[in-house]
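**Q** give me a model of this one.
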Amino acid sequence: MSLPLFLTPKNKYPMGIAVGILITASYLSSNHVHFLEPKLLPLSTVDQSIPFIPETVWIYISDYLFCFIVYVLCKNLINLNKYLYAFLALQAGSILIFLLWPTTYPRELFPLPPSLDGLTYQTFQMLRKADTPMNCCPSLHVSSVYLCSFNFLKEQREKFRWFLGWATAVAISTLTTKQHYLIDVVTGLAIALASYWIFFKKVTYRSI
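**A** Model prediction:
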């Protein structure tokens, strides 16, 4: 397989905006429209032992900033082309799973405490309204941030270590905010590794 290197310095940001709009629209569509009944998964011992820490919602929602910063900092356009292909494949594969095997999380077991500060409470409420408890497995939150960090694996190793730590914090926050099961985190990491291996290691590219 040979894919075209379509990103240039001129279209880097317009293309990034277009891809961002595309994946947001596709995710929200699959998140709110279901053709099959979403299924609850059993809460593992680890899921039950991890406390609900609503304040970690700020780490959870930092993934949007995470992806943006990685895109801006990546100067190697060949790597950025590979990353976009991997990211699109990761999103498409995950959404296909959501459509064929939708899962949901019992958020009603974890109401927001009234003592929570106002800004955090409102932010968490808005998140839960915009992002339904469906589309759990695999976690796109986890797969997206790990794939982003892998972008620096072969170059800018200092950045890789920093972003890997941030990605891990986001992954943990999916559990402490009770947005995801542990299996969602594991499968999210697995699909990120698979996407990286395919598009950074196996696929060849050509200039256009």
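**Q** got phi/psi on M134?
**A** When read as degrees, to the nearest 10, the backbone of M134 gives phi -80, psi -170.
**Q** what's the longest helix in the chain?
**A** Secondary structure of the chain per DSSP state H: the longest helix is helix 77-100.
**Q** give me the most central residue, this structure.
**A** H141 (2.6 Å; Cα atoms, centre = their mean).
**Q** so what's that residue up against?
**A** Contacts for H141 (Cβ atoms under 8 Å, 6 or more residues apart in numbering) come out as 60, 63, 170-171, 174, 179-180, 188. Yep, even glycine has a C-beta here, placed from its N, CA and C like the rest.
**Q** if you set the cut-off to 7 Å instead, what comes out?
**A** 63, 170, 174 (Cβ atoms under 7 Å, 6 or more residues apart in numbering).
**Q** for V185, same thing?
**A** 139, 142, 171, 174-175.
**Q** SS state for it?
**A** Under DSSP: H, G, I helix; E, B strand; the rest coil, the three-state class of V185 is helix.
**Q** got JSON lines for the contacts of V185, with neighbour count, pLDDT and distance to K39 too?
**A** Output for those, formatted as JSON lines (neighbours: other Cβ atoms under 10 Å; pLDDT from 0 to 100; distance: Cβ to Cβ, whole Å):
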{"residue": "S139", "neighbour count": "29", "pLDDT": "95", "distance to K39": "16"}
{"residue": "V142", "neighbour count": "28", "pLDDT": "97", "distance to K39": "20"}
{"residue": "A171", "neighbour count": "24", "pLDDT": "97", "distance to K39": "23"}
{"residue": "T174", "neighbour count": "26", "pLDDT": "97", "distance to K39": "19"}
{"residue": "L175", "neighbour count": "24", "pLDDT": "98", "distance to K39": "19"}
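**Q** which one of those is nearest N11?
**A** V142 (29.0 Å; Cβ to Cβ).
**Q** for the closest one, which three-state class applies?
**A** V142 ends up helix, using three-state DSSP.
**Q** quick check: angle from the least confident helix or strand in the chain by mean pLDDT to helix 77-100?
**A** For the chain, the helix or strand with the lowest mean confidence is helix 12-32, at a mean of 89 (criterion: mean pLDDT, DSSP states H and E). The directions of helix 12-32 and helix 77-100 differ by 10 degrees, with axes from the mean of the first three to the mean of the last three Cα atoms, to 10 degrees as the criterion.
**Q** which strands border the following helix or strand past helix 12-32, and is each parallel or antiparallel?
**A** Counting by DSSP states H and E, the next helix or strand C-terminal to helix 12-32 is strand 39-40. Strand pairing for strand 39-40, determined by DSSP bridges: strand 103-104 (parallel).
**Q** quick check: mean pLDDT of the partner strand?
**A** Here strand 103-104 scores 95 as its mean pLDDT.
**Q** quick one: that strand to chain centroid distance?
**A** 16 Å (Cα atoms, centre = their mean, to the nearest Å).
**Q** quick one: contacts of that strand?
**A** 38-41, 133-134, 136-137.
**Q** just the buried members of those residues?
**A** 38, 41, 133-134, 136-137 (16 or more other Cβ atoms under 10 Å).
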